[in-house]
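**Q** structure of the sequence below:
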Amino acid sequence: QSARRLPHGGILYELDSVESAKWLSIPSHRAKFAVNFGSNATIKNRSFHVLIKNVPTSYDPSSIRTNTDIETNGGLKPGAITKAKWIKPIARRKTNQRTAHAIITLKTKEGANQILRFGISTEGKKVFGRKLLPEPTRCLKCQSYDGSHVAAERTQDHDTCGTCGAQHRTAACKVDDPNYYQCANCDCQGHASWSRDCPSFISKWESFKKRSEDSKYRYFPTEDPLTW
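**A** Okay, the predicted model is just below:
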């Protein structure tokens, strides 16, 4: 029905019916379909991402045992959670920060909706979340949100720091005082280019949400009328 090239080079296909999706889920059919894109091409199932807010920082996203406990306590099917990670690097946390936001990836819409409706329990705390909607892509070389390129394609001679705006890699930046952060997009002090409070990011994100069908619904739509 439609095809869209993703920033990392993959292609997102939207099929015209459930029957087509079921046909492509058969391994032999997948192999025949993928071979048209080259010997190294692979097909991945769609995943469903949920942003969980205010998770205790003692939570370990890489712990299989912890995520299995979340599935058991939350009434999810075994293996429902395929991946979990913090939304922001631990190194960027404030001193004595007790909670942070995490992203949990699930195999099915039903599993994601279960979490969206009832939340999850982890580290002795009940936490809730929302759908993780598509966000503007930021070039890690020039920090731009225009979405027309990624760092590997940028012809700019130097790197622009996402923290202080100077001409060096963000990872090499020694500025750790937020008062001296300099946004390369807004050209002002007080926040970094990677900040979710950046006015340029917020403007782009609002534009993304207006174009996204997923943003119109609280849940991932399924045959259950409660998700519409």
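
**Q** what residues are up against residue 193?
**A** Residue 193 makes contact with 138, 143, 160, 162-163, 165, 183-185 under the criterion CB atoms under 8 Å, 6 or more residues apart in numbering. Just so you know, the C-beta spots here come from the backbone N, C-alpha and C atoms, and that holds for glycine as well.

**Q** any chance of the residues you listed in CSV, plus distance to residue 206?
**A** Listed next are the contacts of residue 193 as CSV, based on distance: CB to CB, whole Å:
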residue, distance to residue 206
138, 16
143, 19
160, 24
162, 21
163, 24
165, 24
183, 17
184, 20
185, 15
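
**Q** next step: those restricted to strands.
**A** residue 183 (DSSP state E).

**Q** for PyMOL, what selects the buried ones among the contacts of residue 193?
**A** Filtering these down to the buried ones (16 or more other CB atoms under 10 Å) takes a single PyMOL command:
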select buried, resi 138+143+160+162+163+165+183+184+185
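
**Q** quick one: list the elements packing against the helix or strand of the chain with the lowest mean pLDDT.
**A** Between all helices and strands in the chain, the lowest mean by mean pLDDT, DSSP states H and E belongs to strand 2-5, at a mean of 78. Applying 3 or more CB pairs under 8 Å, 6 or more residues apart in numbering; DSSP states H and E, we find strand 2-5 packed against strand 11-14.

**Q** mind listing the helices for this structure?
**A** 18-24, 27-34, 64-73, 109-118, 199-211 (DSSP state H).

**Q** need the winner for burial among those helices.
**A** Most buried of those by mean neighbour count (mean count of other CB atoms under 10 Å) is helix 109-118; its value is a mean of 20.

**Q** in its sheet, which strands sit next to the least confident helix or strand of the chain, and in what direction?
**A** When pairing is defined by DSSP bridges, strand 2-5 lines up against strand 11-14 (antiparallel).

**Q** what does the strand it pairs with contact?
**A** 1-6, 37.

**Q** residues of that strand that come out buried?
**A** Buried residues in strand 11-14, counting neighbours by 16+ other CB under 10 Å, are absent.

**Q** output it as CSV, restricted to C-alpha atoms.
**A** The C-alpha trace of strand 11-14 is given here as CSV (Å, rounded to 0.1, in the frame of the first residue of the first chain):
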residue,chain,number,x,y,z
ILE,A,11,12.3,0.6,4.1
LEU,A,12,9.0,0.6,6.0
TYR,A,13,6.2,-1.1,4.0
GLU,A,14,2.6,-0.8,4.8
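
**Q** off-centre distance for it?
**A** Taking CA atoms, centre = their mean, to the nearest Å, one finds strand 11-14 lying 17 Å from the centre of the chain it belongs to.

**Q** what about the chain, any weak spots by pLDDT?
**A** 7-8, 148, 150 (pLDDT under 70).

**Q** against residue 220, how distant is the residue nearest the centre of the chain?
**A** Centroid check for the chain by CA atoms, centre = their mean gives residue 132 as the closest residue, at 6.2 Å. As judged by CB to CB, to the nearest Å, residue 132 and residue 220 stand 11 Å apart.
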